[in-house]
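# From the sequence below, what's the structure:
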Amino acid sequence: MLTHDVQAAAATSTGATRSTRAGLLTAISAITALAAAGLGLAAPADAAAKASAPTPPKFLSASELPPHRSSAWTADRVKDGVPDQLKFCFGKALLGYDSRYREFRTELDTGAVQLTLVVASEAKAKALAERLNKDMRSCAKRIEQADPEIEAESRDYGTLAVEEGAHVYGLHTETSYGATDIHLLSVGRDGRAVTVVEWGQLGDFKGAPVKAFKKTTTTAVKKLY
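Here you go, the predicted structure:
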């Protein structure tokens, strides 16, 4: 009788164990299914987030700079910040923005740089471009005020009908000991992005490739977005 009861109890225990194991397997399967479903839902959300992330503006390539008569252009990698050669003319107007730049060089004395700034709205981008154009028009005067040993002259080469517009300038400087430099600069805008392109070498206005630089500026603005 006792043996029969023990066997019955063992059978009951075994059944309960099997039932418990079956329940655990069912629960694990359900959890796995939910996790998979969650991953399936998360993936499109992640993809949507990546798709909605703003595309950074594109930069000029070396081949898009004004051709040099005896040297090829080399392009550096794109960097964060503001290049030193643009800080004097534009100064504080460039501070506090999401800015990146790319420098270009030849094997001789000719160099160039492109700076791009992205702001919060098109209205702010328009205001920034207007500020940069204003600073550019006063740059020659400020150079002479900062250093009496330097004479500076600027020229306005007009506007370009590209995206929200661009403006091209020339800037020539000459020191009291005879060193001369010529620079071409432009300010352009496309939407929330503003770009400044600068080209420079030893010499004066006679050696400035204005027509080619205008083409470079048009390309720079078109490539932003």
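# Sketch out the low-pLDDT regions of this protein for me.
Applying pLDDT under 70 to the chain flags residues 1-53.
# Go ahead and name everything in contact with stretch 57-66.
Contacts to stretch 57-66, defined as Cβ atoms under 8 Å, 6 or more residues apart in numbering, come from residues 72-75, 78, 100, 102, 104, 112, 114, 116, 118, 190, 193, 195, 197, 199, 209, 212-213, 215-216, 219-220, 223-225. C-betas here are computed from N, CA, C, even on glycine.
# Swap in 7 Å and give it another go.
Under the contact criterion Cβ atoms under 7 Å, 6 or more residues apart in numbering, stretch 57-66 has outside partners 73-75, 78, 102, 104, 112, 114, 116, 118, 193, 199, 209, 212-213, 216, 219-220, 223-225.
# ok, the closest residue to residue 66 other than its chain neighbours to residue 60 distance?
Of all residues not flanking residue 66 in the chain, residue 212 sits nearest, at 3.6 Å (Cβ to Cβ, 6 or more residues apart in numbering). Counting by Cβ to Cβ, to the nearest Å, the separation of residue 212 from residue 60 is 13 Å.
# okay, those two: which has more neighbours?
residue 60 (22 against 14; other Cβ atoms under 10 Å).
# That one falls within a helix, correct?
No. Checked against DSSP: H, G, I helix; E, B strand; the rest coil, residue 60 lies outside a helix; its state is coil.
# Could you check how far the residue lying closest to residue 163 once chain neighbours are set aside is from residue 128?
Nearest non-adjacent residue to residue 163, counting by Cβ to Cβ, 6+ apart: residue 190, 4.0 Å away. In this structure, residue 190 and residue 128 are 13 Å apart, going by Cβ to Cβ.
# Report the contact partners of the closest residue to residue 121 other than its chain neighbours.
Of all residues not flanking residue 121 in the chain, residue 192 sits nearest, at 6.4 Å (Cβ to Cβ, 6+ apart). For residue 192, the contact set (Cβ under 7 Å, 6+ apart) comprises 118-119, 121-122, 125.
# Check which helix or strand the closest residue in space to residue 79 that isn't next to it in sequence maps to.
With Cβ to Cβ, 6+ apart as the measure, residue 101 is the residue that lies nearest to residue 79, at 6.0 Å, once sequence neighbours are left out. Using DSSP states H and E, residue 101 falls within strand 98-105.
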